[in-house]
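Colleague: missing the sequence, but the structure's below:
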Ligand code: UT7
């Protein structure tokens, strides 16, 4: 048998930098009252959301992703020709093929990078980060650019009382690269396809063509809420255990921004100390699907609420159903 060389790489990986982009249109809760029977008070109390950002003139998933990625590359201070892989996590690129990541890589001036899209909904960023960590540690790329970009406003059913007000648009990106100490803990991830009908696209392409209507996003909010506050709560604990980190060692908590009440339940479950910094970007950004975690991370770091080098727990969960989480060192 011919011996085949295996790839080898550095012992550890870490996140070097984060960048994000928010679109220009600010949409408050009042906006939805012309379409659904609701109130600003109900939306704020039941979700935490006061406003969200939607794309406006000239903005789209490509412009947002490029802006977030550009910031991350610049802040990492690396030579972009050393980025060997570009991963875009999204459910908002409304083309079956080609993927958007190759085009983004070319537009960012990254030559000949492996580039592909990941479809893991609100867990997409953590899925991409897990892959990036493995790619770096196996030596298959020196640096990996992970982008999460979403424009869920384009598939939001504005007349649906259960989802109209939930989602926002935006993008976040990180550079992952080699490290002398470990900065990304083992991923805890999984899926449950028996719950495919809990968050869904209202029509596939065939149905969309015959009905003439662009598909929307549907969700059984109560079921997702229950799953997030029970199964996902246990998964957060597993992320800490796998990383060998105890709740009192945690400094920052960045759960997927789906609902402030879900975040509150996870906090109670983990019994995190009072001084842990908790992401609450949902309040002014809404739920940005795959992009919530890097967007919230960037906001906490640039506002000074969190600091580089702190230990953070991140976890994403959503349509599939799928989930993924890790303990990380903040860039
Ligand atoms: O990112 C992907 C993951 N997504 C999530 O994690 C979302 C998880 N789910 C949620 O965040 C929540 O389920 C929602 C915010 C979507 C809904 O909140 P809820 O507390 O689960 O509402 P519900 O469906 O249980 O309804 C409670 C009450 C009902 O009234 P009654 O029967 O108690 O009188 C509804 O009719 O709230 C009423 N209601 C509303 N009232 C005003 C439902 N929707 C609305 C509305 N405005 N838009």
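Modeller: Perfect, thanks for sending it. In this text the structure is predicted, and so the values were computed from the model without any measurement.

Colleague: got a list of what the closest residue to the ligand within the stretch 201-331 of the chain touches?
Modeller: Of the stretch 201-331 of the chain, the residue with the smallest distance to the ligand, taken as C-beta to the nearest ligand atom, is residue 221 at 2.8 Å. In this view, the C-beta of every residue, glycine as well, is placed from N, C-alpha and C. Taking C-beta atoms under 8 Å, 6 or more residues apart in numbering as the contact definition, residue 221 lies against 162-163.

Colleague: Is the closest residue to the ligand within the stretch 1-150 of the chain inside a helix or a strand, and which specific one?
Modeller: Ranking the residues of the stretch 1-150 of the chain by distance to the ligand (C-beta to the nearest ligand atom) places residue 38 first, at 3.1 Å. Residue 38 is part of no helix or strand, with elements assigned from DSSP states H and E.

Colleague: Run through the residues that contact residue 108.
Modeller: Each residue near residue 108 by C-beta under 8 Å, 6+ apart is listed here: 66, 69-70, 73, 80, 86, 145.

Colleague: can you rerun that using 6 Å?
Modeller: Contact criterion C-beta atoms under 6 Å, 6 or more residues apart in numbering gives residue 69 as the residues in contact with residue 108.

Colleague: Find me the pLDDT at it, would you?
Modeller: Among the per-residue scores, residue 108 holds a pLDDT of 98.

Colleague: Equivalent analysis for residue 121, please.
Modeller: As predicted, residue 121 sits at a pLDDT of 98.

Colleague: thinking again about what came up before, can you report phi and psi for the residue of the stretch 1-150 of the chain closest to the ligand?
Modeller: Residue 38 has phi and psi values of phi -160, psi -170 when expressed as degrees, to the nearest 10.

Colleague: same deal with residue 117?
Modeller: Backbone torsions of residue 117, given as degrees, to the nearest 10, read phi -100, psi 150.

Colleague: show me where the stretch 151-300 of the chain has helices.
Modeller: Listed in chain order, the helices of the stretch 151-300 of the chain (DSSP state H, counting those that start in this stretch) span residues 205-211, 221-243, 260-270, 282-285, 292-302.

Colleague: all strands for the stretch 101-250 of the chain, in order.
Modeller: Counting by DSSP state E, counting those that start in this stretch, the stretch 101-250 of the chain forms strands over residues 114-118, 143-151, 169-179, 188-191, 199-201, 217-219, given from the N-terminal end onward.

Colleague: The third one packs against which elements?
Modeller: When contacts are defined as 3 or more C-beta pairs under 6 Å, 6 or more residues apart in numbering; DSSP states H and E, strand 169-179 sits against strand 12-21, helix 61-76, helix 124-137, strand 143-151, helix 292-302.

Colleague: ok, which residues in the stretch 151-300 of the chain are in contact with the ligand?
Modeller: Contact residues of the stretch 151-300 of the chain with respect to the ligand, defined by C-beta under 6 Å from any ligand atom, are listed as 161-162, 199, 221-222, 224-225, 228, 258-259, 262, 287.

Colleague: ok, the closest residue to residue 169 other than its chain neighbours - how many residues close by?
Modeller: Nearest-residue entry for residue 169: residue 151, 4.5 Å, with adjacent residues in sequence omitted and distances by C-beta to C-beta, 6 or more residues apart in numbering. Residue 151 has 30 neighbouring residues, counting by other C-beta atoms under 10 Å.

Colleague: do residue 234 as well
Modeller: A total of 10 residues lie near residue 234 under the criterion other C-beta under 10 Å.

Colleague: Hmm, residue 103 and residue 116 touching each other?
Modeller: No. Using C-beta atoms under 6 Å, residue 116 is not in contact with residue 103, being 11.6 Å away.

Colleague: Can you give the domain ranges for the protein?
Modeller: Domains of the chain are assigned by automatic domain parsing as 12-179, 188-329.

Colleague: With respect to burial, which of the ones you listed scores highest?
Modeller: When you average the neighbours per residue for each of the domains of the chain (mean count of other C-beta atoms under 10 Å), domain 12-179 leads with a mean of 21.

Colleague: quick one: terminal-to-terminal distance for that one?
Modeller: Start to finish, the residues bounding domain 12-179 are 5 Å apart (C-alpha to C-alpha, to the nearest Å).

Colleague: do stretch 177-194 as well
Modeller: The first and final residues of stretch 177-194 sit 36 Å from each other (C-alpha to C-alpha).

Colleague: Poorly predicted segments of the chain, please.
Modeller: Under the criterion pLDDT under 70, no range of the chain is flagged.

Colleague: most centrally placed residue in it?
Modeller: Nearest residue to the geometric centre of the chain (C-alpha atoms, centre = their mean): residue 290, 2.8 Å.

Colleague: Would you confirm that that one contacts residue 89?
Modeller: Yes. Proximity of residue 290 to residue 89 meets the contact threshold set by C-beta under 6 Å, at 4.2 Å.

Colleague: Can you pull the residues that touch both of these two?
Modeller: Residues touching both residue 290 and residue 89 by C-beta under 6 Å, 6+ apart: 124-125, 148.
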